[in-house]
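*Asks:* generate coordinates for the sequence data below:
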Amino acid sequence: MHDDIERLLADDDEITPSSRFLRAVMDAVQREATAPRPLEFPWLRALPGLVATITALAVATRHGIGAWSDPASMAVFDEELRQIMALAAGLGLQWVVLAVAVTIVSALLPLRLTCGASPH
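*Replies:* Below you'll find the predicted structure:
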């Protein structure tokens, strides 16, 4: 078994593609190289999502500004925020946030150092 593998690996037979295969590959490469234009982002398909996002942000901002002026709604907001923070502390989410932050820093720091060190 070992000798068979050695014999197969020791063969210096050169593999050459057929001329028809080579011509087909080169034709495909030529077609790709002379493509009329690159793919474009589908702005028309993304437009409804962009409009919905902008509208939601505008409505949320308007309601947020209105809530700042009403002391009762601010008290409700503070109470809801306390409940959310208590739930997060009970689940240990602060450790998840810390792990995500450490991951982001450890991924971006080397990139920042290597990009900043290269001569321009």
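
*Asks:* and the residue nearest the centre of the chain, what pLDDT?
*Replies:* What sits nearest the mean C-alpha location of the chain, by Cα atoms, centre = their mean, is Ile104, with 12.9 Å. Ile104 is assigned 94 on the pLDDT scale.

*Asks:* show me the shaky parts of the chain.
*Replies:* 12, 116-120 (pLDDT under 70).

*Asks:* how about the helices in it?
*Replies:* 2-10, 19-33, 43-68, 71-91, 93-117 (DSSP state H).

*Asks:* relative to helix 71-91, how tilted is the third one?
*Replies:* Here the directions of helix 43-68 and helix 71-91 differ by 110 degrees (axes from the mean of the first three to the mean of the last three Cα atoms, to 10 degrees).

*Asks:* can you name every helix or strand that helix 43-68 contacts?
*Replies:* The elements that helix 43-68 packs onto, with contact taken as 3 or more Cβ pairs under 8 Å, 6 or more residues apart in numbering; DSSP states H and E, are helix 71-91. C-betas here are computed from N, CA, C, even on glycine.

*Asks:* packing partners of the helix it packs on?
*Replies:* For helix 71-91, the packing partners by 3+ Cβ pairs under 8 Å, 6+ apart come out as helix 43-68.

*Asks:* next one: Ala10 from Asp4, what distance?
*Replies:* 11 Å (Cβ to Cβ, to the nearest Å).

*Asks:* likewise for Asp11?
*Replies:* For Asp11 relative to Asp4 (Cβ to Cβ), the value is 11 Å.

*Asks:* go on, Gly90?
*Replies:* From Gly90 to Asp4 the distance is 64 Å (Cβ to Cβ).
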